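K.L.:
A predicted structure for the sequence below; I have some questions about it.
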Number of protein chains: 2
Amino acid sequence: MTLNKGLQAFPRTEYMRRLSAVKSDMAEREVDALVVFHASNIAYLAGYTAQSAYVPQALVISAHKEEPTFILRRMDAPAALHQTFLEHGYVVGYAENLIGNPEKDGYDAIIDGIHELGLANRSVGLEQAADLPARVLEKFKKRLPKARIVDCDKTVHWIRMVKSDLELTIMREAAAISDAAIMRAADVIRPGVREADAIAEIIGTLARGANGKVGTALAQISLCSSPRTGTAHIAWSDDVFRNGSQINLELGGKRHGYCAGIMRTFSIGVPSDRLRRVHEAEVAGLEAALNTVRPGATCSDIANAFNRTIEGFGLKKESRAGYPIGLNWTEPTASIKDGDMTQLKPNMTFHLMLGNWIDEDFGYAISETFRVTDSGVEVLTSAPRKLFQL
Amino acid sequence: MTLNKGLQAFPRTEYMRRLSAVKSDMAEREVDALVVFHASNIAYLAGYTAQSAYVPQALVISAHKEEPTFILRRMDAPAALHQTFLEHGYVVGYAENLIGNPEKDGYDAIIDGIHELGLANRSVGLEQAADLPARVLEKFKKRLPKARIVDCDKTVHWIRMVKSDLELTIMREAAAISDAAIMRAADVIRPGVREADAIAEIIGTLARGANGKVGTALAQISLCSSPRTGTAHIAWSDDVFRNGSQINLELGGKRHGYCAGIMRTFSIGVPSDRLRRVHEAEVAGLEAALNTVRPGATCSDIANAFNRTIEGFGLKKESRAGYPIGLNWTEPTASIKDGDMTQLKPNMTFHLMLGNWIDEDFGYAISETFRVTDSGVEVLTSAPRKLFQL
């Protein structure tokens, strides 16, 4: 029996628009095929969000065909048929004997697919070829001896930086979930409560969602509490919150693969003078950064507005001030940092990530997810921009 | 100010024992240094479980030094000092300007570290060198021209297949959390309930833990309900459970990086005859597989016992019957499948994964996490081995 299509996150026309942009880029590069490996780019171009990227899979886009072909593990082919607009014949499940098999694996199935699509003698673009495992790149070269292999680097990542209105609707839904989870954290973080019990409530909110729109997966979450406020990426710990504890929280709602990140800092009891001063500087820096956002400004402009402002308060931040966000959190293209001359365009979205790990034992977290508008900025996250005192 | 050590998951002696096993292997391979990249192996050898593996990091083990050196992003160095037994001087944080920088990145910092450890002219083993990004392997060769680069493949993965008593204690704690989450699912999955609301409760249990031991992170979770029971890896959906729905659930408790996987199938209302027959066959196969487990038996023996049994019921399963589990779910060494002649040893642990995606629109899920004992098997997960009727 065939499995019916599920509720699609986007109409077919939206995927066709995205594919068309990719095909234009392929034409400029003079490639006949683009092999897309990254899970987030496969989600972008076909709507697939099942969690199967721990084994080889690829979307093969032929310049000569309207629809791409998705080659993945047979076990996951039904999910692809259900979640994507692709019909039978465009979803190719490879046999399970290619799993845990050092001789022949899913990459062989992808190469077989390129042969079957009649592309083996053509110009074949590989997404981020230089980042492929060395043995895999070798295999492509060996098994496609007549192809011209082209490293297409991050072509899809760059295209998807500018979001459509349909994507922005989903990102606003994700942002509302982020806000709800922050407010839930403010409700449940109390002295004597185990971190794990607070996290249970917070991630529960990330799943339940907001405004009738559920979270459809969990993004990474970090809860770094005293004495760990100088750390950035600890999920949570076995500890219990205490009077005087500071808690740095980073989380994000996620819908149909789209994330909206947010960070806030909490204090159980009166915050220290040092923490209040850092908060004041960081909020001023955040506002200065947001005031810089408009089409034509650069990522560097945003970072410098932030850095100049906090330097006025005697503070520095070593790490970058953010990155594009959308499908699967960090998009690996621009960086909000001094010297990144990427120009902002309307409907680009960023996580303005101002977490500042100042000392080994002291840090602070605040961030927003924003969109570049035609004339300025829309901040998608909207939890109070305060140092939460609990 | 320095950050104090956190509660360590294991005593220093345990890490020294593990490092000693790795150094013996290094001696056999005649390598002076082993560069360990995999997050789960860094957790194994040093106790680090923060979520920073999306940027380059490596543990460099010198044959000539007792303690390894952990090179990672500066932002994450405090977490390394807090979570691991390593002292200042053995945790090297690299500068933030190596993030989002196409010219020079964290791998350069790792290579610099190899130089500083005096290992640049020696025999340098790289973990799974052939799986490193092609450009990274090239960089190691270019920047270590006098080193003999050796592909050490999965040396640490193979060593950690056999668990210590201390590890097994934590895996039993994780398994108790897995069981609790399955029982919570049986409580909350009801007609009219949104999948997301059930998931909120289930993941809440995975965080809250069991028997006073909290979950310290979340492992991947999949809830594939009607009509999606033929899919394996969809997190969950926007849907609402209905009378007659079937739900296949895969989840696992996680403590200090250690997972214990479990799958169970649920039916809202009376299950179909087909589902009951599949369940009967699969449980018989599961029991036959477990009865085969003893030191000296092979992974192939387990798979064949399962396959022969379900074939007696007229059923087949194409995918493998499981894999080693421990740190970070799937350990990429042996496979429980026909022809895998890996011999079982006491204290190896496996996820006997008998999920069976039979048709595009029909599948079934059952699994257990087990340990090989001196004479047979200990099943770590213990939720009722039944088709849950809700």
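P.N.:
Here it is on my side, so go on. The shown structure was predicted, so the numbers you read here are calculated from the model rather than taken from an experiment. Residues are numbered from 1 along each chain as shown, chains lettered A, B, ... in the order given.

K.L.:
Who does residue A:378 form a beta bridge with?
P.N.:
residue A:371 (DSSP bridges).

K.L.:
Count the neighbours of it for me.
P.N.:
With neighbours defined by other Cβ atoms under 10 Å in any protein chain shown, the count for residue A:378 comes to 15. (Each C-beta comes from the backbone N, C-alpha and C, glycine too.)

K.L.:
how about the strands in the stretch 1-150 of chain A?
P.N.:
Taking DSSP state E, counting those that start in this stretch as the test, the strands found in the stretch 1-150 of chain A are A:33-36, A:58-62, A:69-73, A:91-94, A:123-126, A:148-151.

K.L.:
which regions of the stretch 101-250 of chain A sit below the pLDDT cut-off?
P.N.:
In the prediction, the stretch 101-250 of chain A carries no residues with pLDDT under 70.

K.L.:
Please list the residues of it that sit near chain B.
P.N.:
The stretch 101-250 of chain A comes close to chain B at residues A:129-135, A:137, A:194-197, A:199-201, A:203-205, A:207-209, A:214-218, A:220, A:222, A:227-228, A:230-238, as judged by Cβ under 8 Å from any Cβ of the partner chain.

K.L.:
Those residues in helices, which ones?
P.N.:
Residues from those lying in helices, with DSSP state H as the criterion: A:134-135, A:137, A:195-197, A:199-201, A:203-205, A:207-208.

K.L.:
now residue A:100, nearest residue through space, not along the chain?
P.N.:
residue B:335 (3.6 Å; Cβ to Cβ, 6 or more residues apart in numbering or on different chains).

K.L.:
show me what contacts that neighbour?
P.N.:
A:99-100, B:299, B:320, B:322-323 (Cβ atoms under 8 Å, 6 or more residues apart in numbering or on different chains).

K.L.:
mind checking how far residue A:36 is from chain B?
P.N.:
17 Å (Cβ to the nearest Cβ, to the nearest Å).

K.L.:
out of the strands of the stretch 1-150 of chain A, deepest packed?
P.N.:
Comparing the strands of the stretch 1-150 of chain A by mean neighbour count (mean count of other Cβ atoms under 10 Å in any protein chain shown), strand A:33-36 ranks first with a mean of 27.

K.L.:
So what touches it?
P.N.:
Outside of strand A:33-36, the residues within contact range by Cβ under 8 Å, 6+ apart are A:22, A:26, A:42, A:45, A:58-63, A:68, A:110, A:114, A:117, A:119, A:122-127, A:152, A:155-156.

K.L.:
try 6 Å this time
P.N.:
A:26, A:42, A:58-62, A:119, A:124-127, A:152, A:156 (Cβ atoms under 6 Å, 6 or more residues apart in numbering or on different chains).

K.L.:
Return the member of these nearest to chain B.
P.N.:
The nearest member of the contacts of strand A:33-36 to chain B, counting by Cβ to the nearest Cβ, is residue A:126 at 10.3 Å.

K.L.:
Can you tell me who the closest one pairs with across the strands?
P.N.:
Applying DSSP bridges, one finds that residue A:126 bridges with residue A:35, residue A:151.

K.L.:
where's residue A:224, which helix or strand?
P.N.:
Taking DSSP states H and E as the definition, residue A:224 sits inside strand A:222-225.

K.L.:
List the buried residues in the following helix or strand past that strand.
P.N.:
Note on strand A:222-225: by DSSP H and E, the next helix or strand toward the C-terminus is strand A:246-255. By neighbour count on 16 or more other Cβ atoms under 10 Å in any protein chain shown, the buried set for strand A:246-255 is A:246-255.

K.L.:
which of the residues you listed sit farthest apart?
P.N.:
The span of these, defined through Cβ to Cβ, is set by A:246 and A:255 at 30.3 Å.

K.L.:
Now do stretch A:83-93, average pLDDT.
P.N.:
Averaged across stretch A:83-93, the pLDDT comes to 96.

K.L.:
residue contacts, the residue most central in space within chain A?
P.N.:
For chain A, the residue nearest the mean C-alpha position is residue A:329 (1.9 Å; Cα atoms, centre = their mean). Residue A:329 makes contact with A:219, A:259, according to Cβ under 6 Å, 6+ apart.

K.L.:
List the neighbouring strands of the strand holding residue A:224 plus their orientation.
P.N.:
Sheet partners by DSSP bridges: for strand A:222-225, these are strand A:246-255 (antiparallel).

K.L.:
the domain parsing of chain A - what is it?
P.N.:
Per automatic domain parsing, the structural domains of chain A span A:12-159, A:165-389.

K.L.:
List the buried residues for the helix ranked longest in chain A?
P.N.:
The longest helix of chain A (DSSP H) is helix A:165-188. By 16+ other Cβ under 10 Å, the buried positions in helix A:165-188 come out as A:167-168, A:170-186, A:188.

K.L.:
Repeat that for stretch A:283-296.
P.N.:
A:283-286, A:288-290, A:292-293.

K.L.:
Could you pull up phi and psi at the residue in chain A sticking out farthest from the centre?
P.N.:
Distance from the C-alpha centroid of chain A peaks at residue A:146, with 35.8 Å (Cα atoms, centre = their mean). In terms of degrees, to the nearest 10, the main-chain angles of residue A:146 are phi -100, psi 0.

K.L.:
so how far is stretch A:273-289 off the chain centroid?
P.N.:
Distance, stretch centre to chain centre, for stretch A:273-289: 26 Å (Cα atoms, centre = their mean, to the nearest Å).

K.L.:
what's in contact with it?
P.N.:
Counting by Cβ under 6 Å, 6+ apart, A:302, A:305-306, A:309-310, A:313, A:315, A:352, A:354, A:364, A:366, A:385, A:387 sit against stretch A:273-289.

K.L.:
Next step: these restricted to strands.
P.N.:
Residues of the contacts of stretch A:273-289 located in strands (DSSP state E): A:352, A:364.

K.L.:
Send me stretch A:30-50 as CSV with only the CA atoms.
P.N.:
C-alpha atoms of stretch A:30-50 as CSV (Å, rounded to 0.1, in the frame of the first residue of the first chain):
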residue,chain,number,x,y,z
GLU,A,30,27.9,25.2,-15.9
VAL,A,31,27.0,22.1,-14.0
ASP,A,32,24.4,19.6,-15.2
ALA,A,33,23.8,18.1,-11.8
LEU,A,34,24.1,19.3,-8.2
VAL,A,35,24.4,16.7,-5.4
VAL,A,36,23.0,18.2,-2.2
PHE,A,37,24.1,16.4,0.9
HIS,A,38,23.2,18.7,3.8
ALA,A,39,20.1,17.7,5.7
SER,A,40,19.0,21.4,6.0
ASN,A,41,19.4,22.0,2.3
ILE,A,42,17.4,18.8,1.5
ALA,A,43,14.8,20.2,3.8
TYR,A,44,14.9,23.5,2.0
LEU,A,45,14.6,22.0,-1.5
ALA,A,46,12.1,19.2,-0.8
GLY,A,47,10.6,19.5,2.7
TYR,A,48,12.2,16.4,4.3
THR,A,49,12.9,16.8,8.0
ALA,A,50,13.1,13.1,9.2
